[in-house]
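Novice: Model the structure of this input:
(one chain, ligands or ions: 1)
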Amino acid sequence: MERRRFFSSATGALAFFQMDSVARAQKAAGSVTGRPADLVARDEDYWARIQEAFTVDRTLINLNNGGVSPAPRIVMDTEIRYLQMQNMNPTYYMWRILDPGVETCRRRLAKTFGCDPEEIAITRNASEALEIVQFGLDLKAGDEVITTNQDYPRMISSWQQRERRDGIVLKQLKFPVPPPSLDFLAKLIEDAITPKTKVIHICQITNRTGQIFPVKKICRMGRERGIEVIIDGAHAFTQYPFTHADLDCDYYGTSLHKWLLAPIGTGMLYMRKSKIPKIWPMMGADESLANDIRKFEQIGTHPASQRNAIAEAINFHDSIGGERKAERFRYLRRRWSDQLRTLPGVKILNSDDPEQSCGIGFISVDGVDTAKLVGYLWSKYRVWTTSFNSPGEYSGLRITPNVYTTIEEIDTFVEAMRDIVKRGIPG
Ligand SMILES: Cc1ncc(COP(=O)(O)O)c(C=O)c1O
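Specialist: Got it, this is the predicted structure:
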């Protein structure tokens with residue numbers, strides 16, 4: 001009896017919280033309708049309602065959302081509901097009920113990206129999406145692939161594996177941070193092209209200093225020369241508003257568990273329809289699927305719960321709006337970087353140009369060991385960050401808040417850094 005009462009009151013409380021979070025988000029959206037996004041970016045009453053939609057650990061300050069982000073409570077609850085459903089009788093509920101729901105998520109993702117649903121495959125992450133193209137392209141010994149040394153290490157390792165296996169040649173270009181301009185980056189790539197170049201592989205936003213690349217220009221450059229261009233959009237999709245038309249790319253891979261705030265273990269591959277027949281899937285698929293984007297989803301038994309909850313993550317994203325999100329990210333980045341950039345030895349290495357940067361920031365402090373800095377920020381202030389060290393080029397901390405980050409958390413990071421710059425890290 002007691003047990004039953006406990007469970008019914010726990011379920012009631014959960015329902016209350018769910019309703020409450022949706023109602024809060026709706027009320028928040030209503031309060032800012034029609035106001036410019038750059039003004040809403042500073043409206044803490046609005047963002048407080050967004051912050052309440054998350055169940056994050058507020059005893060630590062998470063400034064490494066770039067690695068992977070927590071999903072809002074509504075997305076987590078949806079994922080858990082589907083997980084429980086699929087476990088009731090997996091072969092029925094997963095294959096008959098939930099898997100067809102993936103088609104809704106495909107359609108919603110296509111609408112957000114601005115393409116045909118038949119050009120979207122849902123993957124487990126950006127790595128899978130990009131490697132499908134990296135390993136699926138026919139290349140022969142001597143063919144050249146151009147990328148940068150600031151592309152994602154796993155994507156570079158995948159090309160290096162093809163070097164060892166197939167004898168292709170990988171060229172990793174270096175560039176200064178921040179670079180002088182977008183044109184500089186386009187020219188860097190153009191100058192590296194040779195008659196043997198078959199692939200260009202670049203990030204839309206790098207995972208280090210958050211540098212945005214001139215993707216459309218580079219895609220056109222490749223198309224004019226018959227070179228395949230692969231865009232790593234792991235950090236870009238839903239961090240700032242754009243659609244496929246702004247990129248005009250043929251291949252695009254992204255994570256959904258970063259800036260879309262979808263369940264952990266979700267990613268997306270876009271492939272232009274005309275390219276689908278020529279790319280081999282990473283896991284074998286029936287010949288009848290040769291022209292079907294779903295040939296890239298033939299990975300055997302896997303949970304439908306994460307994938308189906310993508311629809312709820314898109315709802316949450318839409319309820320804030322891409323423009324408001326991007327302006328908030330820029331506001332948060334400037335809030336900490338403008339307070340720290342004038343301190344002795346401090347360099348802000350992300351670009352400040354809104355065309356070249358959004359939510360990702362990068363700070364370096366002369367003479368300070370970055371690994372020790374990460375450790376000290378954590379042990380003394382419970383500020384969670386990550387560091388990047390490119391010997392002979394740059395080193396520092398990447399700072400990635402998200403929509404649930406509070407101003408108090410940003411200011412605590414600022415105070416901690418001020419203290420460290422003034423007093424150093426105790427030995
Ligand atoms: C630029 C970039 N590409 C690819 C990836 C791989 O993403 P995932 O872990 O979702 O496979 C990451 C992850 O941080 C990344 O930053």
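
Novice: can you list the residues of the stretch 151-300 of the chain near the ligand?
Specialist: 152, 155, 203, 207, 232, 234-235, 255, 267 (C-beta under 6 Å from any ligand atom). Using the backbone N, CA and C atoms, a C-beta is placed for each residue, glycine as well.

Novice: And the strands in this protein?
Specialist: Counting by DSSP state E, one finds strands in the chain at the ranges 61-62, 120-123, 144-148, 169-173, 197-203, 228-232, 251-255, 267-271, 346-348, 361-365, 383-384, 386-390, 394-399.

Novice: who are the neighbours of the first one, in terms of helices and strands?
Specialist: Using 3 or more C-beta pairs under 8 Å, 6 or more residues apart in numbering; DSSP states H and E, the elements in contact with strand 61-62 are strand 383-384, helix 407-423.

Novice: got the CA coordinates for the last one in CSV?
Specialist: The C-alpha trace of helix 407-423 is given here as CSV (Å, rounded to 0.1, in the frame of the first residue of the first chain):
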residue,chain,number,x,y,z
ILE,A,407,26.1,34.4,-15.9
GLU,A,408,27.2,33.6,-12.4
GLU,A,409,29.1,30.5,-13.8
ILE,A,410,30.8,32.6,-16.5
ASP,A,411,31.7,35.3,-14.0
THR,A,412,33.2,32.6,-11.6
PHE,A,413,35.4,31.5,-14.4
VAL,A,414,36.5,35.1,-15.0
GLU,A,415,37.3,35.5,-11.3
ALA,A,416,39.2,32.3,-11.2
MET,A,417,41.3,33.2,-14.3
ARG,A,418,42.0,36.7,-12.9
ASP,A,419,43.3,35.1,-9.7
ILE,A,420,45.4,32.6,-11.6
VAL,A,421,46.9,35.3,-13.8
LYS,A,422,47.7,37.4,-10.7
ARG,A,423,49.0,34.8,-8.4
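
Novice: helices and strands around it, which ones?
Specialist: Applying 3+ C-beta pairs under 8 Å, 6+ apart, we find helix 407-423 packed against strand 61-62, helix 322-340, strand 361-365, helix 370-381, strand 383-384.

Novice: Most tightly packed of the ones you listed?
Specialist: strand 361-365 (a mean of 25; mean count of other C-beta atoms under 10 Å).

Novice: ok and that one relative to strand 394-399, angle-wise?
Specialist: 130 degrees (axes from the mean of the first three to the mean of the last three C-alpha atoms, to 10 degrees).

Novice: deepest of the strands of the chain, which one?
Specialist: When the strands of the chain are compared using mean count of other C-beta under 10 Å, strand 251-255 is most buried, at a mean of 28.

Novice: which neighbours does that strand have in its sheet, and in what orientation?
Specialist: Strand pairing for strand 251-255, determined by DSSP bridges: strand 228-232 (parallel), strand 267-271 (antiparallel).

Novice: In this structure Tyr251 contacts Asp232, no?
Specialist: No. Counting by C-beta atoms under 8 Å, Tyr251 does not reach Asp232; the two are 9.7 Å apart.

Novice: Tell me who's in contact with Ile264.
Specialist: When contacts are counted by C-beta atoms under 8 Å, 6 or more residues apart in numbering, Ile264 touches 68, 71, 257, 306.

Novice: Likewise for Leu63?
Specialist: By C-beta under 8 Å, 6+ apart, the contact list for Leu63 reads 383-385, 399-401, 405, 409, 413.

Novice: Using CSV, lay out the residues you listed together with distance to Asp246 and pLDDT.
Specialist: CSV is the format used below for the contacts of Leu63 (distance: C-beta to C-beta, whole Å; pLDDT from 0 to 100):
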residue, distance to Asp246, pLDDT
Val383, 34, 98
Trp384, 33, 98
Thr385, 31, 98
Ile399, 26, 98
Thr400, 22, 98
Pro401, 24, 98
Thr405, 27, 98
Glu409, 32, 98
Phe413, 32, 98
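
Novice: on that earlier part again, wait, which of the helices and strands packed on helix 407-423 is closest to the ligand?
Specialist: Closest to the ligand of the helices and strands packed on helix 407-423, according to C-beta to the nearest ligand atom: strand 361-365, at 13.3 Å.

Novice: For the nearest residue to Glu163 once chain neighbours are set aside, list each beta-bridge partner.
Specialist: Distance criterion C-beta to C-beta, 6 or more residues apart in numbering; nearest residue to Glu163, sequence neighbours excluded, is Leu170 at 5.5 Å. Beta-bridge pairing for Leu170 (DSSP bridges): Val145.
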